[in-house]
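# Let's see this in three dimensions:
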Amino acid sequence: MTDRRVTTALVAAAVAAAIAAGAVAAAIVLGRGEDAPDYRGSQPPARITLPDFTLPDYTGRRVSTESLRGKVVLVTFLDSQCTEACPIIASQIARAWDRLSAEERRDVVPIAISTDPDEDTPASVRDFLRRNRAEGTLHYLVAPVPKLRPVWEAFKISASFDTGIDTLHSAPVRIYDREGVWVSTLHAGADLTTENLVHDVRAVASAS
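Coordinates of the predicted model:
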């Protein structure tokens, strides 16, 4: 390994350690120390709450932040034409939902927000959800770009509408507690599994 590569590796390790230390310190300050739930997804280092929005799903039913009060909320960002992360996310959420009891489901609301409303027609969304066995489970919210752009900005995500590539957009699965506080994040291809999602949903449900 060259001196430059060694230096780069050491700097990267130091930065990673500093970030981890900062996240731990923030968690302790916010009361998420040793007594906090042991989430398997990464925990955001600040007390970030669910942004305010009111959007229709692909069937026309309206969903708002206000209507989600007191619920454990899963939020992700999908493109029905995406063939990489999106199918994995939708199917993992559907499988996790199947693992929850009827009582647990009453307290959990899984939501997907479109990242390309021009292509996310009702027919396209319905076909996507059916292919991934998430129809009736995942509330897929779609609205014109002027309505969605403030929502994308509030969640601080990049949209495939802007990148012009169906597979190039933010696609985390964020979990918010009953008070609307963001407590855990899982990613397809990394820590998003059925087991981890069920674990974190139950952890936040029992803690709030």
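# In what element of secondary structure is the residue sitting nearest the centre point of the chain found?
The centroid of the chain falls nearest to Val173 when counting by C-alpha atoms, centre = their mean (2.1 Å). Val173 is part of strand 172-176, with elements assigned from DSSP states H and E.
# Quick one: name whatever helix or strand follows that strand.
strand 182-187.
# The helix or strand that that next one is followed by to strand 182-187, inter-axis angle?
Helices and strands here follow DSSP H and E; after strand 182-187, the next one along the chain is helix 194-207. Using axes from the mean of the first three to the mean of the last three C-alpha atoms, to 10 degrees, the inter-axis angle of helix 194-207 relative to strand 182-187 is 180 degrees.
# what comes into contact with helix 194-207?
36-41, 72, 74, 92-93, 95-96, 99-100, 104, 107-108, 173, 175, 177-178, 183-184, 186 (C-beta atoms under 8 Å, 6 or more residues apart in numbering). In this view, the C-beta of every residue, glycine as well, is placed from N, C-alpha and C.
# Could you tell me which of the residues you listed belong to strands?
Among these, the members found in strands (DSSP state E) are 72, 74, 108, 173, 175, 183-184, 186.
# that older thread, the residue nearest to the centre of the chain reaches Thr193, doesn't it?
No - using C-beta atoms under 8 Å, Val173 is not in contact with Thr193, being 10.8 Å away.
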